Structures are given as structure tokens and as C-alpha cells.
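**Q** 3D, please:
(4 chains)
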There are 2 protein chains.
Amino acid sequence: MNIASLVRFKKRQEIYRAGEPVEAIYNVVSGVVKSFSVDPDGGERINTFLFAGDLLGLSEEGRYANSAEAITAVTAYRLPIPKLQRHLHREAELGFHVICKLCQEIREAQRHAFLVSRREALPKIVMFLQMLEQLQASRGEPTNEIHLPMDRTEIGEYVGMSLGAVSRAFRKLAADAVIELRNRQHVKIRNRAAFDELAGMPGGLAEGRRR
Amino acid sequence: MNIASLVRFKKRQEIYRAGEPVEAIYNVVSGVVKSFSVDPDGGERINTFLFAGDLLGLSEEGRYANSAEAITAVTAYRLPIPKLQRHLHREAELGFHVICKLCQEIREAQRHAFLVSRREALPKIVMFLQMLEQLQASRGEPTNEIHLPMDRTEIGEYVGMSLGAVSRAFRKLAADAVIELRNRQHVKIRNRAAFDELAGMPGGLAEGRRR
DNA sequence: TCGCGAGATTGATCAGGATCAAAGATTGTG
DNA sequence: CACAATCTTTGATCCTGATCAATCTCGCGA
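**A** From the prediction side, this is the model:
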């Protein structure tokens, strides 16, 4: 990524908008980005949160499929498409690397689809927290506390619940001493067994079990 | 894809199982495949249906992330990983092609996540039918009738509804003359306007609309 | 053609969120 | 330091699908 330029985005700054022609892709260096779509009625659906090391902006259509906005202050490498293509032709390694990243993204999207398909609030939130925890771990950050850079509304837009339900779920988990809400952005797991248990499938969508 | 071998799978035959080491990837030539995960309780969640032209089996981990099973009789090109790698190094074009396919898959997975996040049954089913219709069109098949190669249970496992709700939704759509159920596998759209309208967001998840 | 069996339909009940509205915290600012 | 703007929490009601179980039906093989 030597020919990429380092760019900065302020908190809440738009990075690109769905439908615009793809001029460059970004490789997040620090901060958090959300990638989302806007429904006809104005509601947002967050497709993914992107952290350090994640790629964003790739599209086969020549136009961005989603919009992207910085949730925190963000620094990223900006890599214009023509340069990317030139490099793809020169170094097969790069192509391989991109393919790996994309496979990860697919897995991530599938996990997200599962998360969102859950009907009950607690499993959803717990699974969401597990996801954040794993990402944190994979970035080598401390794991004793989970950091939530996004607000409750955005969590709702990601997990597919109303703002109210998100709040209630967090409070319930705290009330049951499964987690501790140190403040809006920091959660600690108090009872790991109960926590992991909740991520299982006590109730939920399970009728279909034939064949 | 000249060095790939053509393989056949019978209806309901397993193609690979999650966790197995990745030996080869497949490029579907004909038929339909489902890619799914099995929950601890035995329930299946279908991540995607694969049709002619789709790639399956790519994984960055060296192990299949999902299981795959033929829904109909299937023919596919089987491409062992070592050969794939050799070719990736020789032809940058191939890498580019794979990247495009993966981007499509990501988009598909995101659409799926959205579909699954819908609470109401009718929008879900309508969106599912739209998806099938588009795929059919993109394969150049006739579009006047939508073909459902999978059974109701599998539709439920894909859209995230119970078998019963899937059935009810189809019957309701038929009762309202939005669609016609020619038989279990063939649906015709009777009222396109109402159909597309239903895919919109009349109710559903929308509370979060601030900032 | 008849009967079998997987797949599909349907009904009644129940649980869990969405919604809407109103008040309570927090954070940052002047 | 107090205020303002956000962000969050909480309550009451309604709506929708999950569940479970019983029945129906179409397609297929004998």
C-alpha cells in the first residue's frame, strides 16, 4: 500500500455515498466507519462496522453500493482505482490478499444475517457484543472491556431492533448481572457462562427441523 | 476454467461440510445448491442459494465455513485449490474475475441480511421472490414465471421465518391476487404494482430516524 | 388406478418486540 | 457552572409471527 495516500475524516463525516462512481477504495488505519444503506423512507440500515485493517469501497459495479460515514475520527489509506488495478496486474500477492479480505467480509455478512434473523433481543445483543469482542481481540486490543464506539440507535440499525429494545436489552443484561455498563461506551462481562449461554438458542426460530 | 473437472451431484447430495479442509472450489454449471450452517440444536440456516455461474467453497481459513448440498441435480466445475493458486499467479484477469464474483456475493449477503431483518412476512416473501426473479433474469431465463427449486422449509430457513408463516404468506399473496400459485414450484405475478408495493416498507422496523 | 408419504396448509394460543410518547441521564459548551 | 442538545431509559398498548398439533393434498410408486 505504498502509493496510497493517508486521508483523515472527522467524526460524522461522510466518506462516500451510495450510487457515486467508485473513485477509490479505503483501508482503515484507525477509527470506526459504518457502511449503510438508506431506505426509501429515510431509515438507515447499517451493513457493517469497519475497523482498522478493513477495506471499504470495493464494488464490481463501478458505483458504491452503500454509503460510508466515520463514526469516530478516522484515518485511512485512500487507494485510487486505477492504481489498484495496476498493482493487481503486477503483484498476484495483492490480489490474493484482497480475495482473503473479501472472503472474511462474506463470512462477516453471513454472521450479520444470522444475528439479524434472531427474534429475541438478548441473544441479538449478546451476539453483537461477542462480535465486537472478537474484533477487538483480533486487533490485539485488551478484551476485558468491550468498547462501543457507536450509539444505541446505530446498534439498533445494525442488529435490526428498535432503539427502545436495544436499551431494554442492555438494561436487562445489566440487571441480571451478566454484564456491567461502565458507561455508554464501555461494557464489561460479569458472568461469562450466562453470557455465552444467552448467545445460544434457547427459544427463537427453530420450528423447521425436519427431513 | 479449462483445467477444472466436471462433476455431478444428485439431488440432496452433500457437496461439502462445514469444517472440512478446503480441497477445491466449485463453479456451478447447472442446478441449484444451498449453502448453510447448522445450529447447535440441529436447525439449519441457509446462507445462500447458488445457481449457474456462482462460485462456492472459497474460504480464507483453509476450511469450509458452511456446508453445501445440492437442492436439485447439479453439475459443476471442480477446481482444486493448488490449481487455482497457480492460475491466480499466472493470470491477473482471473484474480480480477474472482474479486468481482466475491463483491457480488457480499452484496448478495447484505441484501439477505436486509431481507431477514424484515419483521413482516409479506415483504419478506415478496423480496425473496424478487430476488429469485432477478437471478432468473440475469441468467437469461424466462421471467414470466418464478421457479422455486427449494421447498417451503428451505425458504423459511433462508428468509428467517417459520414454515407455517411462509405458507401463510404465500396463501395470502395468492388470496389477494398478487401472485398465482401454479403449483408448489411455480409462481406467477398477477399484480405487479401491488407486488412491488409490498416489497416497500409500509410498517416494519423504522423507529430509528433521527439526527 | 389406488394408496402412501412427504410436503403444505390451517387454527388457536402465546410471547416478544414495535410503537408512541414522555421523562431521565450525559456530554459538551458558552 | 449552568444550560442545551443529545442520547438513553422507561411505560402502556398493539400487532405479528412462533409454536404445536391436526389435517389436507399433491406427486409418485406399486
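**Q** hey, let's count contacts and neighbours off CA atoms from now on
**A** Fine.
**Q** tell me the spacing between the residue nearest to residue A:72 when sequence neighbours are not counted and residue B:74.
**A** The shortest distance from residue A:72 to any non-neighbouring residue, by C-alpha to C-alpha, 6 or more residues apart in numbering or on different chains, is to residue A:11 (4.4 Å). Going from residue A:11 to residue B:74 by C-alpha to C-alpha, to the nearest Å gives 50 Å.
**Q** tell me which of these two has more neighbours.
**A** More neighbours surround residue B:74 than the other of residue A:11 and residue B:74, with 23 against 15 (other C-alpha atoms under 10 Å in any protein chain shown).
**Q** apart from its neighbours in sequence, what residue is nearest the more buried one?
**A** Nearest-residue entry for residue B:74: residue B:31, 4.4 Å, with adjacent residues in sequence omitted and distances by C-alpha to C-alpha, 6+ apart.
**Q** what is the burial count for that neighbour?
**A** By the criterion of other C-alpha under 10 Å, residue B:31 has 20 neighbours.
**Q** before we move on, what about residue A:3?
**A** 12.
**Q** same deal with the one 3 residues further on?
**A** Burial of residue A:6, expressed as a neighbour count using other C-alpha under 10 Å, amounts to 14.
**Q** and residue A:72, by the same measure?
**A** 18.
**Q** can I assume it is in contact with residue A:149?
**A** Yes - if you go by C-alpha atoms under 8 Å, residue A:72 and residue A:149 touch, sitting 7.2 Å apart.
**Q** what touches both of these two?
**A** Common contacts of residue A:72 and residue A:149, defined by C-alpha atoms under 8 Å, 6 or more residues apart in numbering or on different chains, comprise residue A:32.
**Q** for the least confident helix or strand in chain A by mean pLDDT, which outside residues touch it?
**A** Within chain A, no helix or strand scores below helix A:81-90, which has a mean of 87 by mean pLDDT, DSSP states H and E. Residues outside helix A:81-90 that contact it (C-alpha under 8 Å, 6+ apart): A:3, A:22, A:23, A:24, A:25, A:94, A:95, B:92, B:93, B:96.
**Q** is it possible to mark the buried ones in those residues?
**A** The neighbour count (16 or more other C-alpha atoms under 10 Å in any protein chain shown) marks A:22, A:23, A:24, A:25, A:94, A:95, B:92, B:96 as buried among the contacts of helix A:81-90.
**Q** which residue packs closest to the fifth one, ignoring adjacent ones?
**A** Spatial nearest neighbour of residue A:94, excluding adjacent residues (C-alpha to C-alpha, 6+ apart): residue A:88 at 6.1 Å.
**Q** so how far is residue A:98 from the one you found?
**A** Using C-alpha to C-alpha, residue A:88 is found at 9 Å from residue A:98.
**Q** residue A:129 too?
**A** From residue A:129 across to residue A:98, the span is 27 Å (C-alpha to C-alpha).
**Q** check residue A:86 too.
**A** For residue A:86, the distance to residue A:98 - C-alpha to C-alpha - is 14 Å.
**Q** tally of neighbours for residue A:5?
**A** By other C-alpha under 10 Å, the residues close to residue A:5 number 12.
**Q** what sits against it?
**A** Under the criterion of C-alpha under 8 Å, 6+ apart, the neighbours of residue A:5 are A:77, A:78, A:79.
**Q** now do stretch A:134-143: everything it contacts.
**A** The list of residues contacting stretch A:134-143 from outside it, by C-alpha under 8 Å, 6+ apart, reads A:52, A:133, A:146.
**Q** if we go to 7 Å?
**A** The contact list for stretch A:134-143 (C-alpha atoms under 7 Å, 6 or more residues apart in numbering or on different chains) reads residue A:133.
**Q** ok, stretch A:157-172 next?
**A** Residues contacting stretch A:157-172 (C-alpha under 7 Å, 6+ apart): A:44-47, A:115-116, A:121-122, A:124-125, A:152-153, A:156, B:117, B:205, B:207-208.
**Q** then that stretch to CSV, C-alphas only?
**A** Extracted C-alpha coordinates of stretch A:157-172, given in CSV (Å, rounded to 0.1, in the frame of the first residue of the first chain):
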residue,chain,number,x,y,z
GLU,A,157,-29.8,-0.2,12.9
TYR,A,158,-27.2,-2.9,12.8
VAL,A,159,-28.9,-5.7,14.7
GLY,A,160,-32.3,-4.9,13.4
MET,A,161,-34.1,-3.8,16.6
SER,A,162,-35.8,-0.6,17.7
LEU,A,163,-33.8,1.8,19.8
GLY,A,164,-36.0,1.1,22.7
ALA,A,165,-35.5,-2.6,22.5
VAL,A,166,-31.7,-2.2,22.4
SER,A,167,-31.8,-0.1,25.5
ARG,A,168,-34.0,-2.5,27.3
ALA,A,169,-31.8,-5.4,26.4
PHE,A,170,-28.7,-3.7,27.8
ARG,A,171,-30.5,-2.9,31.0
LYS,A,172,-31.8,-6.4,31.4
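**Q** state the mean pLDDT of the longest helix seen in chain A.
**A** Criterion DSSP state H: the longest helix present in chain A is helix A:92-117. If you average the pLDDT over helix A:92-117, you get 91.
**Q** check whether the following helix or strand past that helix contacts DNA strand D.
**A** Scanning forward in sequence from helix A:92-117 by DSSP states H and E, the next helix or strand is helix A:121-138. No - between helix A:121-138 and DNA strand D, judged by C-alpha under 7 Å from any atom of the strand, nothing touches; the nearest distance is 12.0 Å.
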